[in-house]
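# Mind looking at a prediction? Sequence and model below.
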Amino acid sequence: MDKLSELEPIVGQDVIYQLRGLAERLGRQRLVHVNSTRMGGGVAEILQQIIPIWNELGVEARWEVIEGDQSFFEVTKAMHNALQGLKSSISPTMLKHYEEVNHTNAARLDLNADFVVVNDPQPAFLIQHMRPRARRWIWRCHIDVSRPDRRIWRFLRTVVSTYDASIFSMPNFAQNLPHPQYLIYPSIDPLSEKNRELSPEEIQSVLDRLGVERDKPIVLQVSRFDSFKDPLGVIQAFRMVRRHTPCKLVLAGGEATDDPEGPRIFAEVQEAAQGEPDIQILLLPSESHHEINALQRAADIIVQKSTREGFGLTVTEAMWKGKPVIGGAAGGIVLQLRDYYTGFLVHSPEGCAYRIRYLLHHPEMAHRMGIVAKEFVLRHFLITRNVRDYLTLMLLCDNPESQTIEL
Amino acid sequence: MVAIDEPAANPFSFAECFIVPKPTGKTAANLRELLQTLREVNERVLYYHLWQFRMAIASPAVEYPNDFAIWAATAAQESRLAEKFSAIDPFGYENWEEVREALIDVMEEYLWDLPYITWVRPGYEFYFCEAATVVLRSRVTAQTLPEFCAAIGKVGLDSIYYHSIDARWRLRSIHLDDFSNWIKVSYGLPELVAAIQGIDISFYTLDEIRTTIVDLCTKHLDHLHGQAQRT
């Protein structure tokens, strides 16, 4: 069975018909997505899921990954942090190395296509060497660039300006650029190993393997060990909750090959949790989608206390599983968690603790919130909506001046 | 006019409507900035925030009918202003400049009495957007009223948006939407036309609009069939 047929009972026949209709209007196109890692992180996951759908719709899609050494990924991680507002100390030599790695990759990659979608800053400079290979170049920015470090954004802007269009995940991430900027929300795949339905036995088997007991309500945060995800703030909140209500905290994080900062933050989290038997820290390999799925389904409350966030797909995943979610009021989390309807937004460890306590004492509210949250994801944040937006954008890209196209 | 089971002179041709929002980069962090920017932005921005946003992302519960009211209530914490914005019915105006004037008028009056202006928290600014739209002719058409009723239950929510909400602006001079207009032209049926036109879209999600139209058409068809059998 192809993927679209499997999605049809979940999203509805009308949605699948629409995709087929749009793809037919677009005609046979070659599309290449480029990013910097095949495993780990939300971007790699979206690309893994979306490529088969493109091909089923008749769009000839490929996925290319740039390669780089340790120092390249250190620069791009620092750049990522700087674009999210952290003060950076990226030297001109580091930036030069970043450009050189892009140049080296340009000689290696096959980007002959109608559309090239370059994800995030890591491969952004490929366009300098490969512009004629594709008809349209689109820069897809997944990170929160609402208040970027001025110097690094100025550096990146010179090359981003040469693209035909940019895509951001939130309206406040939009920048002063000379081309059309579009808004496309990221998405999750309900059929993926991370989101598919699991039997109670499958869930229990994962918990047994990871040594997670269900003797108390489970509060869970799933995220990379990254300072912007504020795992230390979650531990602080948990300690406040524990003074009132028994529960346990599970912090589960994957590894991404393009994040050299992870081990340091992980060590800090371990230190903060020392001496607390009800905090479990799980460092999972990047392909642990099944384990993450089971943990999310076993949790009573899911937290994503980010202080900066591109979109927050872990929030989407938790909502899709019908869980009550408490999220930091940052980036795309604000869009997903409509306070009191689809989840709770918080601004501090104290706020996070307070909402955890509330939900632990009001399971009926937690249940109702989870139902509304799942419906909200079904309407707006599943992969079929993402594909529909890309198809629409590709139709628009060839008519950048028109606000409305009637076909 | 023809009987309800007879094919209409012109079939109803459903359209599919896809939008991609486009951030303009303009923001407002307080009411004065909102007012100033409302004066400057093009009509597509008003169009987006008054009803097109419902296609981009619709709240699970319709509390306020437009983005300006939602922002006034949630970000600016000005519930009284949100209520005033909610009372603006854009479909009751002749053109965009009148709609803009109505929005500006509400804001000026509100600001006149306000002792001080507060700023919203960072991240809660109003981000002005517009949208690019692709409208496709769907393969779905309806020849008769029963076919029309069945099709409404099956087409995407984007079609419901296009024919029932967006159409109210396109057909504002005759105070109808695409659905009620087709029924009126093809079959007459003034009661059904008035009932569909009377749906207050401010308070319905797209799903609810669909269900309400299907219910109205079904009841009306049953009633007419009952009448036919009795005679």
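Everything's here; your move.
# got the buried residues for the helix or strand that residue A:373 is a member of?
Per DSSP states H and E, residue A:373 falls inside helix A:363-380. Neighbour-count burial for helix A:363-380 flags A:366, A:369-370, A:372-374, A:376-380 (criterion: 16 or more other C-beta atoms under 10 Å in any protein chain shown). Placement of C-beta: from N, CA and C, glycine included.
# swap in stretch B:130-146?
The neighbour-count check on stretch B:130-146 (16+ other C-beta under 10 Å) flags B:130-136, B:138, B:140, B:142, B:144-145 as buried.
# Of these, which belong to strands?
If you go by DSSP state E, the buried residues of stretch B:130-146 have B:130-136, B:138, B:140, B:142 in strands.
# burial count for residue 158?
Chain wasn't specified; assuming chain A. 10 (other C-beta atoms under 10 Å in any protein chain shown).
# wrong one, chain B
For residue B:158, the count of nearby residues is 23 (other C-beta under 10 Å).
# Are the helix or strand harbouring it and chain A in contact anywhere?
Secondary-structure assignment from DSSP H and E places residue B:158 in helix B:157-160. Yes. Interface with chain A: helix B:157-160 contributes B:157-158 (C-beta under 8 Å from any C-beta of the partner chain).
# I would like the residues contacting that helix, please.
Here helix B:157-160 makes contact (C-beta atoms under 8 Å, 6 or more residues apart in numbering or on different chains) with A:14, A:18, B:14-18, B:55, B:138, B:140, B:152, B:206-207, B:209-210, B:213.
# Quick one: residues contacting the spatially most central residue of chain B.
For chain B, residue B:165 is the residue whose C-alpha lies nearest the centre (C-alpha atoms, centre = their mean; 3.2 Å). Applying C-beta under 8 Å, 6+ apart, we find residue B:165 in contact with B:51, B:54, B:177, B:201, B:206, B:209.
# which of the contacts of helix B:157-160 are buried?
Buried subset of the contacts of helix B:157-160 (neighbour count, 16+ other C-beta under 10 Å): A:14, A:18, B:14-18, B:55, B:138, B:140, B:152, B:206, B:209-210, B:213.
# quick one, phi psi at residue B:97?
Dihedral angles of residue B:97 (phi, psi; degrees, to the nearest 10) stand at phi -70, psi -30.
# can you list the residues of the stretch 51-200 of chain A near chain B?
Residues of the stretch 51-200 of chain A lying close to chain B by C-beta under 8 Å from any C-beta are A:146, A:168, A:171-176, A:180-185.
# can I get the CA coordinates of the helix or strand that contains residue A:159 in CSV?
Here residue A:159 is covered by helix A:150-160, with elements defined by DSSP H and E. This file holds the C-alpha atoms of helix A:150-160, laid out as CSV (Å, rounded to 0.1, in the frame of the first residue of the first chain):
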residue,chain,number,x,y,z
ARG,A,150,23.2,41.3,13.9
ARG,A,151,26.6,40.5,12.6
ILE,A,152,25.8,36.9,11.8
TRP,A,153,22.5,37.7,10.2
ARG,A,154,24.2,40.4,8.0
PHE,A,155,26.7,37.7,6.9
LEU,A,156,24.0,35.2,6.0
ARG,A,157,21.7,37.8,4.5
THR,A,158,24.0,38.5,1.7
VAL,A,159,23.6,35.0,0.4
VAL,A,160,19.9,34.5,1.4
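# For residue A:259, give me the pLDDT.
pLDDT, residue A:259: 67.
# Tell me the buried residues in the helix or strand just after the helix holding residue B:158?
Per DSSP H and E, the first helix or strand lying C-terminal to helix B:157-160 is helix B:167-170. Of all the residues in helix B:167-170, those buried under the rule 16+ other C-beta under 10 Å are B:167-169.
# pLDDT and distance to chain A added to those, as JSON lines?
Putting those into JSON lines (pLDDT from 0 to 100; distance: C-beta to the nearest C-beta, whole Å) gives the following:
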{"residue": "B:167", "pLDDT": "96", "distance to chain A": "14"}
{"residue": "B:168", "pLDDT": "95", "distance to chain A": "17"}
{"residue": "B:169", "pLDDT": "95", "distance to chain A": "13"}
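# just the strands in the stretch 251-400 of chain A please.
With DSSP state E, counting those that start in this stretch as the criterion, the stretch 251-400 of chain A has strands at A:279-284, A:301-304, A:325-328, A:344-346.
# near chain A, from the ones in strands among the buried residues of stretch B:130-146?
Within these, those near chain A by C-beta under 8 Å from any C-beta are B:130-136, B:138.
# Just flag the most distant two among the buried residues of stretch B:130-146.
Pairwise distances across the buried residues of stretch B:130-146 peak at 38.5 Å for B:130 and B:144 (criterion: C-beta to C-beta).
# contacting residues for the residue nearest to the spatial centre of chain A?
Geometric centre of chain A, nearest residue: residue A:42, 3.6 Å, by C-alpha atoms, centre = their mean. By C-beta under 8 Å, 6+ apart, the contact set of residue A:42 is A:142, A:186, A:310-311, A:313.
# Is it possible to get these out as TSV so that each row also shows pLDDT and neighbour count?
Listed next are these as TSV, based on pLDDT from 0 to 100; neighbours: other C-beta atoms under 10 Å in any protein chain shown:
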residue	pLDDT	neighbour count
A:142	91	23
A:186	89	21
A:310	78	26
A:311	86	24
A:313	89	25
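# With that, I have no additional questions.
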